[in-house]
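J.: Dropping the sequence and predicted coords here.
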Amino acid sequence: MAALWIWLTAAAAYAAFRLWYDNWRGRLTAAEVDDFVARLAASPSAEVNDMATLRAFLASDDGREFLMLNLVRLNPEPVPNPRGGAALPAAQAMQVYMREFFPLLVRRAGHPAIAARPIGGYVDAWNVAPDPGWSVVGLMRYRSRRDMALLATDPRFSAAHAFKLAAMPVTFSFPTAPRLTLFVSPRVWVGLLLALAAALAHLGVLLAHG
């Protein structure tokens, strides 16, 4: 009986993980799109976002997860502290932003998929602007477009966004839909870890009663 409860607990834990990790609310409705666009237009990020592009992205919601590609150049000089006080390095401003942004992201099942630093200039490049000197390249996983919009309109995100604007004089981002990846999805490795933990606990029970 103890062994059965071990596996039932592992299965329940995995089910709870999938309830959190996957989008179960479906696509955005037209009313939601209008509401989010109105709220985003009134937010501090409106001055640097293309609202028409954002509306089109939300309106074409397929209900699936996506990865946001981010290319960032950090300011090489100290930047003004949005909350007053002495100027601070751009990297430190980004750390302040991420400390406040990351918990909000994780609450909505978002997480970094890849974070990397460039180690050379463009190798292939034509008909594009010159390399501005990118500092960071990242892919951020979002559970859904609704979650992205909810995060972007969260007052706590707006409060941290000033640090992001101060730290990066140059950036661009666009959403992508994964087609092929050789990295193991959390849906797989979380399940494998739970199965391993259950198997070890089961073995422990067998040895204790052996």
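T.: Okay, I see it. Numbering: from 1, shown residues only.
J.: For stretch 135-144, output the C-alpha coordinates as CSV.
T.: Extracted as CSV, the C-alpha positions of stretch 135-144 are listed here (Å, rounded to 0.1, in the frame of the first residue of the first chain):
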residue,chain,number,x,y,z
SER,A,135,25.5,42.2,-24.9
VAL,A,136,22.9,39.4,-24.3
VAL,A,137,20.9,37.0,-26.4
GLY,A,138,18.0,35.2,-24.8
LEU,A,139,14.9,33.1,-25.4
MET,A,140,12.2,33.5,-22.8
ARG,A,141,9.4,31.0,-22.6
TYR,A,142,5.8,32.3,-22.1
ARG,A,143,2.9,30.0,-21.3
SER,A,144,0.6,32.0,-23.6
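J.: in that stretch, what counts as buried?
T.: Ser135, Val136, Gly138, Leu139, Met140, Arg141, Tyr142, Arg143, Ser144 (16 or more other C-beta atoms under 10 Å). Where C-beta positions appear, they are placed from N, C-alpha and C, glycine not excepted.
J.: Relative to Ile119, how far out is the first one?
T.: Pointing back at Ser135 there. Distance, Ser135 to Ile119, by C-beta to C-beta, to the nearest Å: 12 Å.
J.: centre of the chain versus the lowest-mean-pLDDT helix or strand in the chain, how much separation?
T.: Least confident element among the helices and strands of the chain, by mean pLDDT, DSSP states H and E: helix 155-167 (a mean of 89). From the chain centre to the centre of helix 155-167 is a distance of 15 Å (C-alpha atoms, centre = their mean, to the nearest Å).
J.: one step back: list the residues that contact both of Ser135 and Ile119?
T.: Residues touching both Ser135 and Ile119 (C-beta atoms under 8 Å, 6 or more residues apart in numbering): none.
J.: which ones are touching Asp131?
T.: Gly121, Tyr122, Ala125.
J.: one more time with 6 Å, if that's ok
T.: By C-beta atoms under 6 Å, 6 or more residues apart in numbering, the contact list for Asp131 reads Gly121, Tyr122.
J.: Please name the nearest non-neighbouring residue to Glu100.
T.: Here the nearest residue to Glu100 in space, its sequence neighbours aside, is Ala160; by C-beta to C-beta, 6 or more residues apart in numbering that works out to 3.7 Å.
J.: wait, doesn't that neighbour sit right on Phe101?
T.: Yes: here Ala160 reaches Phe101: they are 5.4 Å apart, a contact under C-beta atoms under 6 Å.
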